[in-house]
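My questions concern the predicted model and sequence given below.
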Amino acid sequence: MLSGKINGSDDAQPLSRKRRGRVLARIQRRYRTVTETIPIGPLRIEFTRVAEPDAVLDQIVEEEDRREKLSGRRRESDELRLPYWAELWDSAVGLGVFLADSTPTPGTTLDLGCGMGLAGTVAASMGHHVLMGDLEPDALLFARLNSLPFASRVRTRRLNWQRDRLDERFDLVLGADVLYDKTQWDHLEPFWRAHLKTRGTVLLGEPGRQTGDLFIDWIQARGWQLQQVNVAATERSKAIRIFVLRDVRAKKYGHSVDAV
């Protein structure tokens, strides 16, 4: 089990300050940032995030208003992509804690809807080869910055789970707070099937919403085995739920949650 700060990575070369400075400079042209050390189980993760997530929303709305004035066309409300990525959600912390405590065997991992990259960075710190995927390019810049100590085993890619398919499969697929919108479930479930290895696992961080309750029966009815683990990940009184999903067809391989 790992301990210590993320800067004490096991990569052959030390983190390049110049490289970090270039990525951070790109980010800070658009966003104010704050860097803090986040306790994740036995780990201490140095993490850079958006300082004021609400200001990002205001900025997006203002930019959209300017575009509408120039074009004379009002976009439908569902066309406006809200900057959920700019918030560090408790579910990402909970997912990171679960990973750090369960110490899964290093393999290939997809952090789907990675946001600023916390869960994927934890996985990379534990030796996993990680693909960070998100729809928003700015989110991927943060994910790239935060995972730089492990750059040799981290990739980033713009990814839309509604229509994109990758020519690879993963041992682990991570998702922090991706279940809040029920309309996305019909896109997520086939995406997981298309990208999970036969013995693979989907790990979802869920903060206890009603949609999370509904998801349990919904996903089991579609041939998935679900086990729930509660993780005390933050100062919030309510635990983060980790949904551990496996295709029922993988039962014959004898895997259990302890193998995650």
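Thanks, I have the structure now.

any idea which element residue 241 lies in?
The secondary structure element spanning residue 241 is strand 240-247 (assigned by DSSP states H and E).

now for that strand, which elements pack on it?
Contacts defined by 3 or more Cβ pairs under 8 Å, 6 or more residues apart in numbering; DSSP states H and E place strand 240-247 against helix 90-102, strand 196-206, helix 210-220, strand 224-231. (Each C-beta comes from the backbone N, C-alpha and C, glycine too.)

Not counting sequence-adjacent ones, nearest residue to the residue most central in space within the chain?
Note on the chain: the residue nearest the mean C-alpha position is residue 114, at 3.0 Å, using Cα atoms, centre = their mean. Nearest residue to residue 114 in three dimensions, chain neighbours excluded: residue 132, at 4.2 Å (Cβ to Cβ, 6 or more residues apart in numbering).

Would you mind measuring from the one you found to residue 223?
Look at residue 132 and residue 223: by Cβ to Cβ, to the nearest Å, they are 28 Å apart.

higher neighbour count, the two?
Each of residue 132 and residue 223 has its neighbours counted (other Cβ atoms under 10 Å); residue 132 has more, 31 against 11.

before we move on, the earlier item: compare the helices and strands packed on strand 240-247 and give me the one nearest residue 152.
When these are compared for distance to residue 152 using Cβ to Cβ, the nearest one is helix 90-102, at 19.2 Å.

any residues touching that closest one, and which ones?
Residues external to helix 90-102 that are found in contact with it (Cβ atoms under 8 Å, 6 or more residues apart in numbering): 1-2, 38, 40-43, 45, 115, 118-119, 121-123, 126, 174, 176-177, 203-207, 229, 231, 233-234, 236, 239-242, 258, 260.

Show me which residues of stretch 126-139 are buried.
Buried residues in stretch 126-139, counted by 16 or more other Cβ atoms under 10 Å: 126-136, 138-139.

Show me these that map onto helices.
Those of the buried residues of stretch 126-139 mapping onto helices are 138-139, per DSSP state H.

Take the buried residues of stretch 126-139 and lay them out in CSV including distance to residue 85 and pLDDT.
Output for the buried residues of stretch 126-139, formatted as CSV (distance: Cβ to Cβ, whole Å; pLDDT from 0 to 100):
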residue, distance to residue 85, pLDDT
126, 23, 95
127, 26, 96
128, 21, 97
129, 22, 98
130, 17, 98
131, 16, 98
132, 11, 98
133, 12, 98
134, 6, 97
135, 8, 95
136, 5, 94
138, 7, 95
139, 4, 96
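
which of the buried residues of stretch 126-139 lies closest to residue 199?
For residue 199, the closest of the buried residues of stretch 126-139 turns out to be residue 128, at 15.2 Å, with distances computed as Cβ to Cβ.

isn't that closest one right up against residue 108?
Yes. Taking contacts as Cβ atoms under 8 Å, residue 128 lies within contact range of residue 108: 7.1 Å.

For those two, list the residues in contact with both.
Common contacts of residue 128 and residue 108 (Cβ under 8 Å, 6+ apart): residue 172.

I figured residue 189 was touching residue 215, is that so?
No. Contact criterion Cβ under 8 Å: residue 189 and residue 215 do not qualify, at 10.0 Å.

out of the two, which sits in the busier spot?
Taking residue 189 and residue 215 together and counting by other Cβ under 10 Å, residue 215 has the greater number of neighbours (21 against 18).

quick one: contacts for that one?
With contacts defined as Cβ under 8 Å, 6+ apart, the neighbours of residue 215 are 179, 185, 206, 243.
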